[in-house]
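> Dropping the sequence and predicted coords here.
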Amino acid sequence: MKTKLFVTLLSLGLVCGSAYAAAGNEAPLPMSNDVNMTAPDQSGSWSLGVTGVLMKPTNSSTNYATQFDYTVDSHGNHTNTTTTPETVTAGYYKWFGADITYAFPGHGRDVTLAYEGLHGSSADSTTNNFDNQIPPPATYHYLTGNITSADLSYIKATIDTQYDAADLVFGQKLNVGQRVQLHPFMGLRYARIDIEQKFNETFEAFPNDGNFGGNADGKADSTFSGIGPRFGSDAGLILGQGFSLRGRLGLSALVGSQQYTVAYNQNVIDRDVFNLPPTSHESTKTLDDGSVTRIIPEIDARLGLNYTYNFASKTALGFEAGWQATDYLQAVSNNSVSNTSKDDFGVEPPHYEYSNFGLQGPYARIQLDVA
């Protein structure tokens, strides 16, 4: 996989380098007997673009807890265990992107500064009431590996997604024949990905089960930030009457730091049967894997339909709508389930591993070109 990615990046780099070398030559580059590749003449101009997105994280479902109900046999073993997984699923989030491009006078060269991102939050909750069941049921928290046992419990889980990326790229416009336009580019990308999973639980046990209550809260936070080279190309197919098909394929390799932290706090209040003042027992658990340096490959693609209206020879307004997708490989640290061991409830304890961070969804864009 790494070899294929390196070869692809190297090939795109050679293509972009060839495009820059050709841009300084006014003579067309022969493609065949009747198709030429040319770098268009242009005057200095600015392009301002704003994009609205409705994107959904592709790894958008997380089990935050499992509810257990069981009986205990004469030997003290848990039997007849039934499980109910609790899941929070991320939805589509609205966000935006923006970019500014300056086209240098001459033969199709330009520079672009662009931003894209996605911020959103999704939540799920569940309430269980097992009044006076002996023994009380249990809740297993995948975020922290803790178990609480109570008659009445309310649990709420939240996933917060924060993704921001900025590009600085240099491009070269190329015309292939009369209908195909290419725009290879190369430069840098910076990205920050922060996925925070949180839960909050309140629980209550009735006198038959110990007469206690309390609350628990925890969070698991995965953060990656890095910078690295970016390569790719835009492409356009002119349909006529101002319409065209537009596409983009981009690749990046980001070098940066990744950190994963887990924090858990539980406060249990014992109520004395003789009406003495209640006593509180608080426990805290934290896990910090520290910061590690990693290389994260990224790939993104876009395909849309564009309409551009030319107001004058030096001013144009474009509208575009389509679908886009982005994927950062192994960019998120999270809890998963091990297949090697089980606890006395018959479930596997969590362990930590990496997963992809992906986004996909529709976009709409408006762009103003002014010379």
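All right, it came through fine.
> Every contact and neighbour count from this point should use C-alpha atoms.
OK.
> Any idea what the spatially closest residue to Thr101 that is not a sequence neighbour is bridged to?
Spatial nearest neighbour of Thr101, excluding adjacent residues (Cα to Cα, 6 or more residues apart in numbering): Thr112 at 4.3 Å. Thr112 has these beta-bridge partners by DSSP bridges: Thr101, Val169.
> Quick check, pLDDT for Thr112.
In this prediction, Thr112 carries a pLDDT score of 98.
> hang on, it packs against Ala166?
No. In this structure, Thr112 is not within contact of Ala166 by Cα atoms under 8 Å, at 10.3 Å.
> my read: Gln181 touches Gln172, true?
No. Applying Cα under 8 Å as the test, Gln181 and Gln172 come out as separate, 10.5 Å apart.
> The two: which has the busier surroundings?
In this view Gln181 and Gln172 are compared by other Cα atoms under 10 Å, and Gln172 has more residues nearby, 27 against 19.
> How about that one: what's its closest non-neighbour residue?
In space, Gln172 is closest to Arg109, 4.6 Å off (Cα to Cα, 6+ apart).
> What is the neighbour count of that neighbour?
Other residues near Arg109 come to 25 when the count uses other Cα under 10 Å.
> Give me the phi and psi angles of it.
Torsion angles at Arg109 (phi, psi; degrees, to the nearest 10) stand at phi -90, psi 150.
> so after the helix or strand harbouring Phe224, what's the next helix or strand?
Here Phe224, judged by DSSP states H and E, is contained in strand 212-240. Using DSSP H and E, the helix or strand that directly follows strand 212-240 along the chain is strand 243-270.
> where does Pro40 land in three-state SS?
Following DSSP: H, G, I helix; E, B strand; the rest coil, the label given to Pro40 is coil.
> please renumber so the chain begins at 28
Okay, using 28 as the starting number, the last item reads as Pro67.
> Can you name the residues that contact it?
By Cα atoms under 8 Å, 6 or more residues apart in numbering, the residues touching Pro67 are 134-135, 200-202.
> pLDDT weak spots in the chain?
The model of the chain has pLDDT under 70 over residues 28-62, 87, 94-101, 103-108, 155-179, 231-239, 296-312, 314, 316, 362-379.
> again, only using 50
In the predicted model of the chain, residues 28-54, 158-163, 234, 236, 300-301, 303, 364-377 satisfy pLDDT under 50.
> Looking at this protein, which strand is longest?
Looking across the chain with DSSP state E, the single longest strand is strand 306-339.
> tally of neighbours for Ala339?
A count of nearby residues for Ala339, using other Cα under 10 Å, gives 8.
> ok, it - contacts?
With Cα under 8 Å, 6+ apart, Ala339 has no contacts at all.
> For Arg206, see how far away it is.
21 Å (Cα to Cα, to the nearest Å).
> Contact partners for the nearest residue to Phe251 once chain neighbours are set aside?
Once flanking residues are discounted, Phe251 sits nearest to Gln285: 4.4 Å by Cα to Cα, 6+ apart. Counting by Cα under 8 Å, 6+ apart, Gln285 touches 249-252, 318-321.
> These, buried ones only, as a PyMOL selection?
Restricted to buried positions by 16 or more other Cα atoms under 10 Å, the PyMOL selection for the contacts of Gln285 reads:
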select buried, resi 249+250+251+252+321
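> In a markdown table: the contacts of Gln285, plus distance to Ser180.
Shown next, in a markdown table, are those (distance: Cα to Cα, whole Å):
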| residue | distance to Ser180 |
| --- | --- |
| Ser249 | 27 |
| Thr250 | 31 |
| Phe251 | 34 |
| Ser252 | 37 |
| Ser318 | 35 |
| Val319 | 37 |
| Thr320 | 40 |
| Arg321 | 40 |
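> which among the contacts of Gln285 gets closest to Leu75?
Ser252 (26.8 Å; Cα to Cα).
> For the nearest residue to that closest one once chain neighbours are set aside, give its distance to Thr116.
Among residues not flanking Ser252 along the chain, Arg219 sits closest, at 4.2 Å (Cα to Cα, 6+ apart). In this view, Arg219 and Thr116 are 22 Å apart by Cα to Cα.
> Between the two, which has more neighbouring residues?
Between Arg219 and Thr116, counted using other Cα under 10 Å, the more crowded position is Arg219 (19 against 16).
> And the more buried one, which helix or strand is it part of?
Residue-wise, Arg219 maps onto strand 207-231 under DSSP H and E.
> Quick check: can you name the pairing partners of that strand and their directions?
By DSSP bridges, strand 207-231 pairs with strand 179-199 (antiparallel), strand 201-203 (antiparallel), strand 239-267 (antiparallel).
> Of all these, which one is nearest Ser382?
strand 239-267 (10.8 Å).
> State the distance from the residue nearest to Ile127 when sequence neighbours are not counted to Leu395.
Residue nearest to Ile127 in three dimensions, not counting chain neighbours: Leu75, with 4.7 Å by Cα to Cα, 6+ apart. Taking Cα to Cα as the measure, Leu75 falls 5 Å from Leu395.
> OK, contacts around Tyr390?
78-81, 348-351.
> what about 6 Å?
79-80, 348-350 (Cα atoms under 6 Å, 6 or more residues apart in numbering).
> out of those residues, who has the most neighbours?
Val80 (24 neighbours).
> Confirm that it sits in a strand.
Yes. The assignment for Val80 by three-state DSSP puts it in a strand.
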